[in-house]
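Novice: Build me a model:
(chains A and B)
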Protein chains: 2
Amino acid sequence: MKEIIEIGKNAKEASYELAHLDTSVKDKILLQVADALLLKTGAIIKANKLDLTQAGEMGLKGAIVDRLTLTEERIMDISEGMKQIAMLEDPIGEVLEMKKRPNGLMIGKKRVPLGVVGVIYESRPNVTADVGALCLKTGNVCVLRGGKEAFNSNKIIVEIFREEIGKLGLNSNMIQLVMNTTRESANALMKLNEYLDILIPRGGSGLIQAVVQNSTVPVIETGVGNCHVFVDESADMSKATSIVVNSKTHRPGVCNAAESLLIHSAIADQAIPQIGKALIESGVEIRGDSTVCKILDEALPASEEDWSTEYLDYIISMKVIDSVDDAISHIHKYGSSHSESIVTSDYQNAQYFLDRVDAAAVYVNASTRFTDGFEFGYGAEIGISTQKLHARGPMGLKELTTTKYVIYGDGQIRK
Amino acid sequence: MKEIIEIGKNAKEASYELAHLDTSVKDKILLQVADALLLKTGAIIKANKLDLTQAGEMGLKGAIVDRLTLTEERIMDISEGMKQIAMLEDPIGEVLEMKKRPNGLMIGKKRVPLGVVGVIYESRPNVTADVGALCLKTGNVCVLRGGKEAFNSNKIIVEIFREEIGKLGLNSNMIQLVMNTTRESANALMKLNEYLDILIPRGGSGLIQAVVQNSTVPVIETGVGNCHVFVDESADMSKATSIVVNSKTHRPGVCNAAESLLIHSAIADQAIPQIGKALIESGVEIRGDSTVCKILDEALPASEEDWSTEYLDYIISMKVIDSVDDAISHIHKYGSSHSESIVTSDYQNAQYFLDRVDAAAVYVNASTRFTDGFEFGYGAEIGISTQKLHARGPMGLKELTTTKYVIYGDGQIRK
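Specialist: Take a look at the predicted model:
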């Protein structure tokens, strides 16, 4: 696809310039863009209205329209977020593990940008600003392929970036929006190995799986979270209750929300009514195994499918198990390796669970909702990786970098 | 493909056991296998003879047959290498960056195995032993899909591993050989996302590209190295000569050998005859641009294609350029981002080159031949990554790991 190849070439070219900008220049761009977003709030909202009108005509509604909508307040938040990214430490240029080898060579790893980052995403126009800012801060050129439903909003935000970059006499192709929002343009990006160093899909699991299945460009898989809380027999019941309710109901529509509750059989009689009641009072539907249904009248019977379902809603599956090992087996069988929590007062079981559970984030006595770049202290995040290569869990600025070996010699040759 | 799915399931199951073996147990297995390889040298050589006979019938010869051949000495080397891996520090279990957050949560990153590592490779049966040992040491189950030309040799080596693992009462599926060596089995592995965490192709660029293009399992790309040496105007001529000759001729058939020589125009009159002569005396054919051909009678004219060719042979392309910037542009245009070296006495140019060249390893005043896990002090390597995600350059034990977040709480919920 000619347009995409052109974008790729432009991106690659710009990447050599962006990779070596001083931090102060990158931060200056971010602060200027943050100001320009505020100054141009009117125009942004106007562009967003075009998208919303079209969304109405297309029959879109509810959560999708909400995610698509930009208000004065949301634009202020985006601008504020950008200023915060400008304040964060620049990871680029740090040299790690520099060592002197027996032959006198000094070998170290220098942190450098990935190069060109492609992002394929849906509806939310704030992703455009977030990704643009995170990539710029880390010296990465970004190629943004947003959804057609947010096209006008994305376009004006990218234009603001490009204008401010241009004002400093720099190559505005450091950020590019793909104007073609057809499936073909997404497919072309997935095969653009010559120019893209990495492709990040952000959106529903349909989009993410399409990218994972079709991309020859290296992909960071994000997304699906079938997270569990396991209440061990020694759990403090009041902590267990608040952790379960928080994990499930603090924001049910996100990937780090709990979808399944495992309860140790030794405390089933006490825990199921108490935690069950709290969940029901919070508006949660419970789908339980036979023991749960026997103890809790309000519980509906769970099907096999429930154990592997990410509800993203006020629904939780609930199962009684007989040991930490059984809990771990269940989690490995049905989980998605995102966030898993044990509530326990037992030292051995806590360490055992932490050690054995294979997931991006494993908790003892805390809500699964903490799996988040901001909560982890990274200041910003580009997503939560659910795969094992390169980055796992919340991805901050550092995860948008790679390293190269730098070697200082004095004429050394290999014997 | 049923056989491959079965292997995948077995691997996944074994991975939970292997991930938690104590280092002492893993090392014990390695030492036992190292001894068993020596004890069974006769049987291994017999199995290898079967492969060599078939190779002869298939008309294979030269380097391929050499790589396929196991001798008593080579088996001793393999055994010795395995003992050395047993001596290396186990990276698994290390906790990095543990920090206390304002809400009291203790958040750290624990180094854990990737899980199940698939490797698709050609001819060399020593890869079977190397990969088996590296994966075992790092707690990774491996699924080995070797070439049919080495089938009998691979089979006996894997059997020795499995026997020694079994002797300790452990799950011998920690290492499995794919018995089916058709293209279908390789293709099936490339789609085995449910069970494989990573796929590493080792072999020629045809194999590597096939895996990169077709695999939905995350891949580590290794291989192609169109490496340059740039002799700057301030270069010490004697160092430059020995670095160029070493980079080109120390072992021309490997990826970190230099394929192209760039010479600053200000010293062309002196450098081209001197370095040219040394190369020619080492049996190297020179393909030069017009200036090189004018100065050096023996040089053949280079075509545009030469600049991007990885000869893997006693041939080098040679070009005169006018500045460090031009050298960097040339490297970015034609290079493969593997290993690049500048020979210079100029501080600014050295730093500028190190900073600007986008490659896995960038050298000042040293041979490109050092890009190697052993030379970098890693004790062992599974390959040299030429991509930017996860690992770049020589991959040692650490690069066969990932991290998971471990979070110690005391009832924290998200506000």
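
Novice: Contacts only, for the closest residue to residue A:410 other than its chain neighbours.
Specialist: In space, and not counting its chain neighbours, residue A:410 is closest to residue B:365: 5.6 Å by Cβ to Cβ, 6 or more residues apart in numbering or on different chains. Any C-beta I mention is one placed from the backbone N, CA and C, and that applies to glycine too. Residue B:365 makes contact with A:408-412, B:236, B:239, B:243, B:341-344, B:350 under the criterion Cβ atoms under 8 Å, 6 or more residues apart in numbering or on different chains.

Novice: Please flag which of the residues you listed sit within helices.
Specialist: By the criterion of DSSP state H, membership of those in helices covers B:239, B:243, B:350.

Novice: Now name the helix or strand holding the residue nearest to residue A:410.
Specialist: Using DSSP states H and E, residue B:365 sits within strand B:361-366.

Novice: The helix or strand following that strand and chain A, are they touching?
Specialist: Once the chain leaves strand B:361-366, the next helix or strand it forms, by DSSP H and E, is strand B:383-385. No: with Cβ under 8 Å from any Cβ of the partner chain as the criterion, chain A is not reached by strand B:383-385; the gap is at least 9.9 Å.

Novice: which helices and strands sit right next to strand B:383-385?
Specialist: Contacts defined by 3 or more Cβ pairs under 8 Å, 6 or more residues apart in numbering or on different chains; DSSP states H and E place strand B:383-385 against strand B:393-395.

Novice: Closest approach to chain B from the stretch 251-400 of chain A, which residue is it?
Specialist: residue A:366 (2.9 Å; Cβ to the nearest Cβ).

Novice: Could you list everything that residue pairs with in the sheet?
Specialist: Beta bridges link residue A:366 to residue B:412, judged by DSSP bridges.

Novice: Secondary structure class of residue A:316, three-state.
Specialist: strand (DSSP: H, G, I helix; E, B strand; the rest coil).

Novice: how about residue A:331, what does it touch?
Specialist: Per Cβ under 8 Å, 6+ apart, neighbours of residue A:331: A:228, A:230, A:262, A:340, A:357, A:359.

Novice: so what are the domain limits for chain A?
Specialist: A:2-221+A:390-408, A:227-370 (automatic domain parsing).

Novice: what's the neighbour count on residue A:9?
Specialist: 13 (other Cβ atoms under 10 Å in any protein chain shown).

Novice: got the domains of chain A as TSV, with distance to residue B:96 columns?
Specialist: Below are the domains of chain A laid out as TSV (distance: least, Cβ to Cβ, whole Å):
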stretch	distance to residue B:96
domain A:2-221+A:390-408	12
domain A:227-370	14
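
Novice: For chain A, just list every one of the helices.
Specialist: A:2-18, A:23-39, A:41-57, A:63-68, A:72-87, A:126-137, A:151-167, A:183-190, A:205-214, A:237-249, A:268-281, A:290-295, A:324-334, A:347-356.

Novice: isn't residue A:130 right up against residue A:380?
Specialist: Yes: taking contacts as Cβ atoms under 8 Å, residue A:130 lies within contact range of residue A:380: 7.4 Å.

Novice: Which neighbours do those two have in common?
Specialist: residue A:81.

Novice: returning to what we had before: burial-wise, tell me which of the helices of chain A comes out on top.
Specialist: helix A:126-137 (a mean of 25; mean count of other Cβ atoms under 10 Å in any protein chain shown).

Novice: Now do the same contact list for residue A:32.
Specialist: A:164, A:167.
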